[in-house]
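Q: Have a look at this prediction, sequence included:
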Amino acid sequence: MMAVRSCLGVKFGVSGLLSQLTSSTRHHGSRPCVSPILTPQHRNTSSSSTSSKVKVDLDQNTGVAVMHMQSPPVNSLSLDFITELCISLEKLEMDKGCRGLIITSSQPKVFSAGLDILEMYGKSPERCGEFWKSVQELWLKLYSSNMVTIAAVNGSSPAGGCLMALTCDYRIMADNPAYSIGLNETQLGIVAPFWFKDTLMNTIGLRNSEMALQLGLLYKPQDALKVGLVDQVVPEDQVLPAAVKSVNKWLAVPEHARQITKSMMRKSTIDRLTSNREADIQNFVSFITRESIQKSLRGYMELLKQKKA
Ligand SMILES: CCCCCCCCCCCCC/C=C/C(=O)SCCNC(=O)CCNC(=O)[C@H](O)C(C)(C)COP(=O)(O)OP(=O)(O)OC[C@H]1O[C@@H](n2cnc3c(N)ncnc32)[C@H](O)[C@@H]1OP(=O)(O)O
């Protein structure tokens with residue numbers, strides 16, 4: 001797993017796509033979903049790949065993959081889980097037959113509980129650094145993806161879970177008031193780094209982000225819809241069908257034009273992190289290993305346990 005982790009790199013970055021486009025007028029990046037050689041009756045119509053925490057079903061007729069997060073109990077983003085997600089994303093990004101991706105959860109009631117708190121508590125600075133690099137990697141892969149990406153948010157999605165959804169092109173959430181979504185970092189006594197903040201601001205604007213981040217707000221689905229944190233709220237059993245409908249709508253747009261537009265919209269946000277990755281890792285490590293922050297995290301974990309009892 002370590003070797004694979006160190007091999008991970010952002011192959012399909014926005015800057016790469018833009019520089020290709022400025023140096024040529026050909027349709028680079030265009031990814032037709034039907035092979036010119038194989039007729040439909042000769043093609044496999046779907047393929048499935050499963051690692052221990054990520055299951056991907058790719059429909060080769062439509063070019064749409066559904067990625068199911070299945071890391072019990074709550075899809076918290078540990079280093080191992082993030083590594084599996086990055087490997088799956090990289091495979092899909094390189095697969096010319098995949099043009100759209102729906103991300104959802106196989107765990108009941110939770111999309112993702114965000115970063116695994118145990119990865120940030122009582123760990124060595126080296127391990128914290130490795131963990132944070134993987135978080136950066138996952139964000140970069142998702143935010144710079146050439147695929148149409150849809151978050152099918154079928155449960156609660158705090159902090160890093162919300163960030164994952166925010167990296168997608170479109171978010172659909174289950175209409176269940178027991179679920180919530182938002183960047184609640186301040187409630188844990190920690191701070192959402194600048195690229196979390198940028199991703200939120202790009203979605204809901206400056207004023208809403210200021211309130212959401214300072215107060216660590218978690219929004220119920222209908223409130224998330226009002227503020228623009230999600231794009232659609234549907235009955236729980238309709239989340240996946242609605243995501244399929246949406247992905248097809250996005251895929252109907254000429255691919256080349258859509259990809260360039262996405263790149264233009266996201267490039268400056270991505271560049272800010274790519275040009276500051278090492279400093280961002282150092283900031284994270286020195287912040288998270290402070291005794292006062294460790295104390296806050298311990299208190300928060302105790303609160304989570306008490307809530308259960
Ligand atoms: C100068 C300074 C500059 C600043 C520099 C900044 C540097 C950067 C600073 C740091 C930035 C960090 C950014 C962090 C992002 C994050 O994502 S932090 C994680 C936040 N997550 C949460 O707050 C979610 C907490 N969990 C919940 O609210 C609930 O669990 C749930 C998701 C709503 C599900 O509820 P329910 O179904 O009732 O399950 P539970 O019983 O609560 O949980 C089941 C078990 O899972 C454990 N768990 C839950 N969440 C997490 C998690 N995130 N990590 C690890 N473990 C988790 C929970 O404790 C239960 O465990 P058991 O009791 O052992 O069963």
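A: Perfect, thanks for sending it. Numbering: from 1, shown residues only.

Q: which residues touch the nearest residue to L115 once chain neighbours are set aside?
A: Leaving aside its sequence neighbours, L115 sits nearest to G160 (Cβ to Cβ, 6 or more residues apart in numbering; 4.1 Å). C-beta coordinates here come from the backbone N, C-alpha and C atoms, glycine included. Applying Cβ atoms under 8 Å, 6 or more residues apart in numbering to G160 gives the contacts 77, 112, 114-115, 135.

Q: Buried among these? Make that a PyMOL selection.
A: Only the buried entries of those go into this PyMOL selection, using 16 or more other Cβ atoms under 10 Å:
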select buried, resi 77+112+114+115+135
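
Q: Among the contacts of G160, which pair sits farthest apart?
A: S112 and V135 (12.3 Å; Cβ to Cβ).

Q: between the two, what contacts are shared?
A: Common neighbours of S112 and V135 (Cβ under 8 Å, 6+ apart) are 77, 160.

Q: Give me the helix or strand of this protein that scores worst on average pLDDT.
A: Lowest by mean pLDDT, DSSP states H and E among the helices and strands of the chain is helix 14-23, with a mean of 37.

Q: just checking, next helix/strand downstream of that one?
A: strand 46-50 (DSSP states H and E).

Q: What average pLDDT does that following strand get?
A: Strand 46-50 shows a mean pLDDT of 81.

Q: again, but for stretch 79-89
A: Stretch 79-89 comes out at a mean pLDDT of 98.

Q: Check whether that stretch comes near the ligand.
A: No - Stretch 79-89 stays clear of the ligand (Cβ under 6 Å from any ligand atom), getting no nearer than 10.6 Å.

Q: Kindly report the same for stretch 183-191.
A: Yes - among the residues of stretch 183-191, 184-185, 188, 190-191 lie within reach of the ligand under Cβ under 6 Å from any ligand atom.

Q: Which single one of these is nearest to N146?
A: Using Cβ to Cβ, the residues of stretch 183-191 next to the ligand come closest to N146 at E185, 29.3 Å.

Q: Surely Y121 touches R298?
A: Yes - using Cβ atoms under 8 Å, Y121 is in contact with R298, at 6.6 Å.

Q: Would you mind measuring from the spatially most central residue of the chain to the ligand?
A: With distances taken as Cα atoms, centre = their mean, the residue of the chain nearest its centroid is M164 (2.6 Å). According to Cβ to the nearest ligand atom, to the nearest Å, M164 stands 10 Å off from the ligand.

Q: is it true that that residue lies in a strand?
A: No - with DSSP: H, G, I helix; E, B strand; the rest coil as the criterion, M164 is assigned helix and is not in a strand.

Q: I figured it was touching A152, is that so?
A: No - contact criterion Cβ under 8 Å: M164 and A152 do not qualify, at 11.6 Å.

Q: Give the residues shared as contacts by the two.
A: Joint contacts of M164 and A152 (Cβ under 8 Å, 6+ apart) are I103.

Q: Please, where are all the strands along the chain?
A: Secondary structure of the chain (DSSP state E): strands at 46-50, 54-59, 64-69, 100-105, 148-153, 157-158, 170-174, 181-182, 232-234.

Q: Confidence-wise, which of those is weakest overall?
A: strand 46-50 (a mean of 81).

Q: what does that strand rub up against?
A: Against strand 46-50 from outside (Cβ under 8 Å, 6+ apart): 55-61, 88, 91.

Q: Max pairwise distance over these: which two?
A: N61 and S88 (20.3 Å).

Q: Among these two, which residue is more densely surrounded?
A: S88 (22 against 14; other Cβ atoms under 10 Å).

Q: thought that one was touching M69?
A: No - taking Cβ under 8 Å as the definition, S88 is not a contact partner of M69, at 9.9 Å.

Q: Give me the common contacts of those two.
A: With Cβ under 8 Å, 6+ apart as the test, S88 and M69 both reach V54.

Q: The stretch 51-200 of the chain: helices as residue ranges?
A: Assigned by DSSP state H, counting those that start in this stretch, the stretch 51-200 of the chain shows helices spanning 79-94, 125-143, 160-167, 194-204.

Q: tell me the most buried of those helices?
A: helix 160-167 (a mean of 26; mean count of other Cβ atoms under 10 Å).

Q: give me the low-pLDDT residue ranges for this structure?
A: Within the chain, the segments meeting pLDDT under 70 span 1-44.

Q: Show me which residues of it sit near the ligand.
A: Neighbours of the ligand within the chain, by Cβ under 6 Å from any ligand atom: 73-74, 76, 109-110, 113-118, 156, 158-160, 184-185, 188, 190-193, 283-284, 287-288, 304-305, 308.

Q: what do you get if the cut-off is 5 Å, keeping everything else the same?
A: With the criterion set to Cβ under 5 Å from any ligand atom, the chain comes near the ligand through 73-74, 76, 110, 113-117, 156, 158-160, 190-191, 193, 283-284, 287, 304, 308.
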